[in-house]
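In: Build me a model from this:
(chains A and B)
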Amino acid sequence: MTLTELELDALVEVFNVGVGQAASALSQLAGDTVRLNVPKVEMLTKQGVSSELTAQGAGRICAVKQEFSGVLNTEAVLMFPVQQSLQLVQMMVGDDVPLEQLGEMEQEALAEIGNILLNSVVSGVADVLKLRFEGSLPCVALGPVQDVLGAQGSLDDMVLSLQIDFAIDALEIQGFLVFMLDVESVASLKSTVRAFLESLS
Amino acid sequence: MVYKLLIVDDSKVSRMMIRNKVSQLQPDWDVLEAGTGDEAVALVRAHGPDFITMDVNMPGISGFDAVAQIRAFDQHSRIAMLTANIQESSRARASDLNVTFVQKPATEPAIRQALDYFLAQS
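Out: Just a heads-up that it's a prediction; the model follows:
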């Protein structure tokens, strides 16, 4: 199952809407501008996704994973280099949590950041494609990127990968968002994107 | 006037953020917290809060299901869904349940939006 160039282009545009909403949420939290790259859409193995992310600097990461189900199922993963995790937590909670409690709040705060960003993207995508998704609860994982991505299924599984990297320059925070769709979901995605394209013409 | 607010969110961090902003804007209010929808329903029965901020995606029953249960015995509390799940389908559900919708993150403008809604018809 492959997507045509036009379908891939449509998919990038649709995800751009969702990512724009996530950027707006992140920018409100950070109080600063968020720089985003255009989503990259490819059919890859999970190992391939992992290698690409590692090459971009996502070695040891803290990740928030959430599964979204509906007409198509996707595993969404938000990743940050592990050394940035406390900085992110501080960005999230500001003065709302006393400094001495920051460490113990780390996982909770990361889960909430992931929940906000991943839901923002998925909500944008759902609205443009006129779909409905149910999200699982966010879970936090730490470790090398390939361990995090390979925790479910096999690293040889083919997935449709949508990768977006972003940065908050003033806070020196860099992050990666990956949406992985299994092969069965790619067929649903293809027909959904076709219907979307037809609605435009 | 002293109002009673119930914050419902499975994330402790999120509850802390909301509580902190509310106590800055309305220091006299009584603030209760619930970590699940079931707990929220029980607290509404026991304490009858004036206002409720409700997360959507929680373990156990969802925020929408909790609101439906609350509405079966309490028509008066004003409820704001405070969530990152801003899909059109969620907005439509909020509208059906006659509650407002405020987008997370729980920054001061978001909390102000919820409080303005609560106080507009009090």
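
In: tell me the mean pLDDT over the lengthiest helix in chain A?
Out: Secondary structure assigned by DSSP state H gives helix A:102-129 as the longest helix of chain A. For helix A:102-129, mean pLDDT is 87.

In: is the helix or strand following that helix anywhere near chain B?
Out: Later in the chain than helix A:102-129, the nearest helix or strand by DSSP states H and E is strand A:134-135. Yes - on the criterion Cβ under 8 Å from any Cβ of the partner chain, strand A:134-135 is in touch with chain B at A:G135. Where C-beta positions appear, they are placed from N, C-alpha and C, glycine not excepted.

In: who touches strand A:134-135?
Out: Residues outside strand A:134-135 that contact it (Cβ atoms under 8 Å, 6 or more residues apart in numbering or on different chains): A:Q66, A:E67, A:F68, A:S69, A:G70, A:L118, A:N119, A:V122, B:N57, B:N85.

In: next one: stretch A:88-105
Out: A:29-30, A:80, A:86, A:106, A:109-110, A:112-113, A:168, A:171, A:173, B:12-13, B:16-17, B:20-21, B:105.

In: Return the subset of these lying in helices.
Out: A:29-30, A:86, A:106, A:109-110, A:112-113, B:12-13, B:16-17, B:20-21.

In: Can you add distance to A:R194 and give these back as TSV?
Out: Below are the ones in helices among the contacts of stretch A:88-105 laid out as TSV (distance: Cβ to Cβ, whole Å):
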residue	distance to A:R194
A:L29	36
A:A30	37
A:L86	45
A:E106	43
A:A109	40
A:L110	37
A:E112	36
A:I113	34
B:K12	44
B:V13	41
B:M16	46
B:M17	42
B:N20	47
B:K21	45
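
In: Can I get those residues in TSV including distance to B:A46 and neighbour count?
Out: Listed next are the ones in helices among the contacts of stretch A:88-105 as TSV, based on distance: Cβ to Cβ, whole Å; neighbours: other Cβ atoms under 10 Å in any protein chain shown:
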residue	distance to B:A46	neighbour count
A:L29	34	22
A:A30	39	17
A:L86	38	16
A:E106	33	20
A:A109	30	26
A:L110	33	25
A:E112	27	29
A:I113	33	28
B:K12	21	17
B:V13	25	24
B:M16	22	22
B:M17	25	27
B:N20	24	18
B:K21	25	20
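
In: Looking at the residues you listed, which is nearest A:S50?
Out: A:L110 (20.0 Å; Cβ to Cβ).

In: quick one: contacts for that closest one?
Out: By Cβ under 8 Å, 6+ apart, the neighbours of A:L110 are A:C62, A:V64, A:S85, A:L88, A:V89, A:V140.

In: do A:N73 as well
Out: A:E67, A:L181, A:D182, A:E184, A:S185.

In: my guess is the second one contacts A:L160, does it?
Out: Yes - shown here, A:L181 and A:L160 form a contact pair, counting by Cβ atoms under 8 Å, at 4.3 Å.

In: so what sits against both of those two?
Out: A:L189.

In: quick one: the strands in the chain?
Out: Assuming you mean chain A. A:35-36, A:40-45, A:60-69, A:74-81, A:134-135, A:139-144, A:158-168, A:173-181 (DSSP state E).

In: sorry, should have said chain B
Out: For chain B, the strands defined by DSSP E occupy B:4-8, B:30-34, B:51-54, B:78-83, B:100-103.

In: and the most centrally placed residue in chain B, bridged to which residues?
Out: Nearest residue to the geometric centre of chain B (Cα atoms, centre = their mean): B:T53, 1.1 Å. Beta-bridge partners of B:T53, counted by DSSP bridges, are B:I7, B:A80.

In: Apart from its neighbours in sequence, what residue is nearest A:R35?
Out: A:A167 (4.8 Å; Cβ to Cβ, 6 or more residues apart in numbering or on different chains).
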